[in-house]
Structure formats: C-alpha cells, structure tokens
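Engineer: sequence unavailable; structure follows:
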C-alpha cells in the first residue's frame with residue numbers, strides 16, 4: 001500500500017485560503033512558509049501561512065478530486081469546512 005494522501009487548507013497572512021494535496025502535511029506547511037524549499041508561488045508572497053484544515057484521502061486521485069471540490073466551494077463554505085467563522 002502506498003503513502004497516505006491528504007487534502008489541506010492554509011490561511012495566508014492576507015486572509016486568503018490556499019488548498020493543496022500532500023503526503024506530509026507538516027513538511028508541506030514548512031515548505032509554504034519558506035522554512036524548507038520554496039513552497040508554492042501563491043503562498044510565497046502571503047507568508048506566514050497557518051494550517052486550518054486537513055483530511056486524509058484513500059489515494060492521490062481521491063485527494064485531487066477532493067481538492068478540486070474544495071476549490072469549487074464559495075469562500076464562506078471553505079471557512080465553515082475549516083471551522084472558521086465567515
């Protein structure tokens with residue numbers, strides 16, 4: 001069996017939300033914050049970022065589908081999913 005994949009959501013310093021997938025959430029957040037590697041172009045200009053939501057997926061494909069579904073939500077729905085008040 002392969003690695004466990006996760007869908008995660010970050011809250012950026014400017015209040016925007018970023019959603020992605022990874023096999024290691026802690027490492028990926030550190031990458032986004034520039035502690036290791038460069039992170040995504042979007043978050044590079046919006047540091048620091050804070051993890052506000054993550055969920056495990058059965059496969060990379062399932063994680064990618066869930067990521068797309070979350071990205072399709074309205075901001076208020078994303079905030080509710082993350083347990084944040086809109």
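Structural biologist: Great, that's in hand. The model shown is predicted, which means the values in this text are computed figures rather than measured ones.
Engineer: buried stuff in the one helix or strand in the chain whose mean pLDDT sits lowest?
Structural biologist: Least confident helix or strand, the chain: helix 41-44 with a mean of 92, by mean pLDDT, DSSP states H and E. Going by neighbour count (16 or more other CB atoms under 10 Å), the buried part of helix 41-44 is residue 43. In short, each C-beta sits where N, CA and C put it, glycine included.
Engineer: cool, and stretch 62-73?
Structural biologist: For stretch 62-73, using 16+ other CB under 10 Å, the buried residues are 63, 66, 67, 70.
Engineer: that older thread, parallel or antiparallel, list what pairs with the very next helix or strand once past the least confident helix or strand of the chain.
Structural biologist: Per DSSP states H and E, the first helix or strand lying C-terminal to helix 41-44 is strand 50-57. Strands that pair with strand 50-57, judged by DSSP bridges, come out as strand 5-11 (antiparallel).
Engineer: let me see the mean pLDDT of the helix or strand that the partner strand is followed by.
Structural biologist: Using DSSP H and E, the helix or strand that follows strand 5-11 in sequence is strand 17-22. Averaged across strand 17-22, pLDDT comes to 98.
Engineer: cool, and stretch 53-73?
Structural biologist: For stretch 53-73, the per-residue pLDDT averages 98.
Engineer: now do the end-to-end distance for it.
Structural biologist: Taking CA to CA, to the nearest Å, stretch 53-73 runs 14 Å from one end to the other.
Engineer: now swap in stretch 56-65 and tell me
Structural biologist: Using CA to CA, first and last residues of stretch 56-65 are 12 Å apart.
Engineer: and if you look at stretch 14-34?
Structural biologist: End-to-end for stretch 14-34, by CA to CA: 16 Å.
Engineer: circling back to that earlier point, now distance to residue 49 too, for the buried residues of stretch 62-73, in CSV please.
Structural biologist: Output for the buried residues of stretch 62-73, formatted as CSV (distance: CB to CB, whole Å):
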residue, distance to residue 49
63, 19
66, 20
67, 16
70, 16
